[in-house]
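# A structural model of the following input is requested.
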Amino acid sequence: MRVRARHLLAMVILNGGIGGAHDTYAMLTDEAERVAADDPAMAALLHADAGVTATVAGLCDLVLESAERAIKWLPE
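As a prediction, this is how the structure comes out:
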């Protein structure tokens, strides 16, 4: 439940213009790593959304990093 709430909060922050993209990126990335062992699909989703957040901020290196992390956790 916590992971879904944090994911929704990050999307509201990003889309509502509340707070900065860097903080949202960090929140999504941290939460993805926290849940990765128990829910790899959710970790992949969180990393993908972190990549979207990095795109909004124009941080191409973080977009690539997020994509690579998301791929790592995708179920086979």
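
# buried sites along the biggest helix by length in the chain?
When the chain is parsed with DSSP state H, its longest helix is helix 40-57. Of all the residues in helix 40-57, those buried under the rule 16 or more other Cβ atoms under 10 Å are 40, 42-54. Any C-beta I mention is one placed from the backbone N, CA and C, and that applies to glycine too.

# that helix packs against which elements?
Here helix 40-57 touches helix 2-16, helix 21-35, helix 60-73, going by 3 or more Cβ pairs under 8 Å, 6 or more residues apart in numbering; DSSP states H and E.

# most packed of those?
Mean neighbour count (mean count of other Cβ atoms under 10 Å) peaks for helix 21-35 among the helices and strands packed on helix 40-57, with a mean of 19.

# and of the buried residues of helix 40-57, the nearest to residue 76?
Nearest to residue 76 among these is residue 40, at 9.8 Å by Cβ to Cβ.

# hmm, the closest one is touching residue 74, no?
Yes: shown here, residue 40 and residue 74 form a contact pair, counting by Cβ atoms under 8 Å, at 7.3 Å.

# what's the helix or strand bottoming out on mean pLDDT in the chain in contact with?
Within the chain, confidence by mean pLDDT, DSSP states H and E is lowest for helix 2-16 among all helices and strands, at a mean of 73. Contacts to helix 2-16, defined as Cβ atoms under 8 Å, 6 or more residues apart in numbering, come from residues 18-19, 21, 23-24, 27-28, 31, 34-35, 39, 42, 45-46, 49, 52-53, 56.

# and for stretch 37-48?
3, 7, 28-29, 31-33, 35-36, 66-67, 69-75.

# can you give me how far that stretch is from the chain middle?
Mean C-alpha position of stretch 37-48 versus that of the full chain (Cα atoms, centre = their mean, to the nearest Å) differs by 9 Å.
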